[in-house]
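# One predicted model, sequence on top.
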Amino acid sequence: MKWKTSINRSQYKELDAILNKRLSFYQKLSANGRAKFINRLCNLLEIKKFVAKSKLELTDEMKIVACSSIVQVTYGLRSYELDNIKGFNVYPTVFYNSFMKAYLKGSSPPDGMISLSWKDLEHGFLVENDKYNLGLHEVAHSLKSSLKYAYDFDSKYANYLEKWEDIGSVEFKKMKRGEESFLREYAGVNKQEFFAVC
């Protein structure tokens, strides 16, 4: 399949360079796979809202990295826009959440505006061996919500979720008992976090 975007060759090369620098997932794709990634990314950049918080100077590269989280999590799915994600609130670093009364790196509230610490979002893609990627984690929460509340989702994937939960419950129960796991410890907090960490 050939992928076409609304951008010109120069803009395509610029996006390709940014993605090559920041995402190992993207680096491993074929030329056609990269075109698919960029096609989806361009669409998301047009339809998602971005709000700079705490005097952050929001750059195009920050928007690209945030939206790349959606593209990567949904890459194998037919439906990828995740309509329940309205956009991103981007903070320079951790931020205070008055509802949870805590400082957070990220959150995926029901209003659809994912909040992210840029410092931690960037770290997640630069450091691959710490089992933590903030962007993928928060988008995974939204993916689970989109399946649960029947927003825009891939029915084949949604139908597989129950089977996945049965298989995953074995590892989750191990973690609740304090046994060693290949997943990071945070996955044992609850089933929502288990899904997002996975």
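Everything's here; your move. Numbering: from 1, shown residues only.
# hey, let's count contacts and neighbours off CA atoms from now on
OK.
# what about the closest residue to residue 181 other than its chain neighbours, helix or strand, and which?
Using CA to CA, 6 or more residues apart in numbering and skipping the chain neighbours, the partner closest in space to residue 181 is residue 175 (6.6 Å). Here residue 175 sits within helix 155-176, counting by DSSP states H and E.
# Residue 19 now?
If you go by DSSP H and E, residue 19 is part of helix 9-22.
# Tell me how far the residue lying farthest from the centre of the chain lies from residue 124.
What lies farthest from the middle of the chain is residue 177; by CA atoms, centre = their mean that is 28.7 Å. For residue 177, the distance to residue 124 equals 28 Å [CA to CA, to the nearest Å].
# Name the SS class of residue 132, please.
Under DSSP: H, G, I helix; E, B strand; the rest coil, the three-state class of residue 132 is coil.
# That one - how many residues pack around it?
19 (other CA atoms under 10 Å).
# ok, now residue 61?
13.
# Surely it touches residue 16?
No. Using CA atoms under 8 Å as the test, residue 61 is too far from residue 16 to be in contact (11.7 Å).
# Need the pLDDT of residue 84.
On the pLDDT scale, residue 84 is placed at 89.
# That one contacts residue 146, doesn't it?
Yes. Residue 84 lies in contact with residue 146 (CA under 8 Å); the separation is 6.4 Å.
# about what we covered before: and the residue farthest from the centre of the chain, how close does it get to residue 171?
In terms of CA to CA, residue 177 sits 10 Å off from residue 171.
# Residue 14 now?
Going from residue 14 to residue 171 by CA to CA gives 42 Å.
# Between the two, tell me which one has more neighbours.
Shown here are residue 14 and residue 171; by other CA under 10 Å, residue 171 has more neighbours (19 against 11).
# burial of the closest residue to that one other than its chain neighbours, as a residue count?
For residue 171, ignoring the flanking residues on the chain, the nearest one in space by CA to CA, 6+ apart is residue 181 at 7.4 Å. Using other CA under 10 Å, residue 181 is surrounded by 13 other residues.
# which phi and psi does residue 181 have?
Note on residue 181: its backbone torsions stand at phi -140, psi 160 [degrees, to the nearest 10].
# in the chain, which spans are strands?
Per DSSP state E, the chain carries strands over the ranges 49-52, 87-91, 95-97, 102-104, 106-107, 113-117.
# Identify the residues contacting the fourth one?
In other words, strand 102-104. 94-97 (CA atoms under 8 Å, 6 or more residues apart in numbering).
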